[in-house]
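Participant: predicted model and sequence below, questions to follow.
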Amino acid sequence: MLHGLVRSGLVLTGLLLLGVGLGNLVAGRSKMLQYQELVLTTAPHVQHGPAALFPPASEGEERQALARAKVAFYQLLVTAGQLLAATGATLIAIGVLRLWMRAPRAPTPASGSASAN
């Protein structure tokens, strides 16, 4: 059974996708928390008057905008990781099920033919 699992393309692909997906989840969540803290600690957005068509951005505003963009990127990375992990788990399950369905079964003795003698 183990030899069949190692040779199954579905199982190997599923393991690869599951590993990459879990890696994305771990990395994305840790970095996302780091940048969420940075968003909370940076200066809040300063409102400019309506007369200023293109107001100059302060360094704090730029830092907060960059941190918000990074939070959004890492949220996307977590979502992609969840999708890859789910796809990998599905492929592993399909590969194991296909291998299990193809496995030879021992014949069961017929109950009616042995008692006729």
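Facilitator: Received the coordinates, thanks.
Participant: distance of Ala72 from Arg105?
Facilitator: Distance, Ala72 to Arg105, by CB to CB, to the nearest Å: 53 Å. C-beta: built from backbone N, CA, C; applies to glycine.
Participant: neighbour-wise, which of these two wins?
Facilitator: The neighbour count for Ala72 versus Arg105, taken as other CB atoms under 10 Å, is higher for Ala72 (12 against 5).
Participant: what's the neighbour count on Leu84?
Facilitator: Neighbours of Leu84 (other CB under 10 Å): 20.
Participant: measure it to Asn24 for me?
Facilitator: On the measure of CB to CB, Leu84 and Asn24 end up 6 Å apart.
Participant: what does Thr108 give?
Facilitator: 47 Å.
Participant: one more: Thr42?
Facilitator: Distance check for Thr42 against Asn24: by CB to CB, it reads 26 Å.
Participant: flag the shaky bits of the protein, pLDDT-wise.
Facilitator: 1-5, 43-52, 103, 106, 110-117 (pLDDT under 70).
Participant: all strands of it, in order?
Facilitator: Assigned by DSSP state E, the chain shows no strands.
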